[in-house]
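A.B. asks: Sequence plus the predicted model coming up.
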Amino acid sequence: MTLPAPARDLAVLVTRVAVGLVFVAHGWQKLVTNGIDGTAAFLDQAGVPAASAAAWSAALVELVGGAALVLGVAVPVAGLLLVLDMIGAFAFVHAGAGLFVDQGGYELVLVLGAAALLLAVLGGGRYSVDHLLAGRRRTAQPVRA
């Protein structure tokens, strides 16, 4: 069954906004709530190399990448960066703790990474800034005779 384009784009919009908000919240948590020093200390304890740089990277990718998903700006790039962020979170922090998040596991990382990958592949959809800008670029091209 194939959904009509407006329904598909609405589903992409809802997914983009929901996933983006979760990433924004986690980036904000790393940057402000826990602070970069607290995040870096946690990552250092987990054995993450260059923990301070990793803390900054994760915080900024999640905060800015999440905002980009919400707005629908550079969705393929933001999605790819967020996938890489989740691969790092899985490999260095959550993989050894099992599946369930209440035990420090990777279920949230897995779902967020898969959603970010899907958005990187699909793009922002019709209801995104990317689509608006692409339409303007198409209409701004000179007409050839």
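C.D. replies: Yes, it's here.
A.B. asks: which one is Leu108 nearest to, not counting chain neighbours?
C.D. replies: Val101 (5.0 Å; CB to CB, 6 or more residues apart in numbering). Using the backbone N, CA and C atoms, a C-beta is placed for each residue, glycine as well.
A.B. asks: looking at it, that neighbour is touching Glu107, isn't it?
C.D. replies: Yes: between Val101 and Glu107 a contact is recorded at 5.0 Å, counting by CB atoms under 8 Å.
A.B. asks: in the helix ranked longest in the chain, what's buried?
C.D. replies: For the chain, the longest helix by residue count, based on DSSP state H, is helix 5-28. Buried positions in helix 5-28, judged by neighbour count with 16 or more other CB atoms under 10 Å: 9, 12-13, 15-17, 19-20, 22-24, 26-27.
A.B. asks: Could you do stretch 93-108 as well?
C.D. replies: Quick answer for stretch 93-108 (16+ other CB under 10 Å): 93-94, 105-106.
A.B. asks: Sort out for me which of those are in strands.
C.D. replies: Members of the buried residues of stretch 93-108 lying in strands (criterion: DSSP state E): none.
A.B. asks: What lies in contact with the helix or strand Leu112 falls within?
C.D. replies: Using DSSP states H and E, Leu112 sits within helix 107-122. Helix 107-122 has contacts (CB atoms under 8 Å, 6 or more residues apart in numbering) with 12, 15-16, 19, 22-23, 65, 69, 75-80, 82-83, 86-87, 89-90, 94, 99-101.
A.B. asks: That one to helix 5-28, inter-axis angle?
C.D. replies: Counting by axes from the mean of the first three to the mean of the last three CA atoms, to 10 degrees, helix 107-122 lies at 130 degrees to helix 5-28.
A.B. asks: Please export the C-alpha coordinates of helix 107-122 as PDB.
C.D. replies: Extracted C-alpha coordinates of helix 107-122, given in PDB (Å, rounded to 0.1, in the frame of the first residue of the first chain):
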ATOM      1  CA  GLU A 107      17.000   0.800  23.000                       C
ATOM      2  CA  LEU A 108      16.600   4.600  22.800                       C
ATOM      3  CA  VAL A 109      19.900   4.900  20.900                       C
ATOM      4  CA  LEU A 110      18.800   2.200  18.500                       C
ATOM      5  CA  VAL A 111      15.400   3.800  17.800                       C
ATOM      6  CA  LEU A 112      16.900   7.400  17.500                       C
ATOM      7  CA  GLY A 113      19.700   6.100  15.200                       C
ATOM      8  CA  ALA A 114      17.200   4.200  13.000                       C
ATOM      9  CA  ALA A 115      14.900   7.200  12.800                       C
ATOM     10  CA  ALA A 116      17.800   9.600  12.000                       C
ATOM     11  CA  LEU A 117      18.900   7.200   9.300                       C
ATOM     12  CA  LEU A 118      15.500   7.000   7.700                       C
ATOM     13  CA  LEU A 119      15.200  10.800   7.700                       C
ATOM     14  CA  ALA A 120      18.700  11.100   6.200                       C
ATOM     15  CA  VAL A 121      17.500   8.900   3.400                       C
ATOM     16  CA  LEU A 122      14.000  10.300   2.900                       C
END
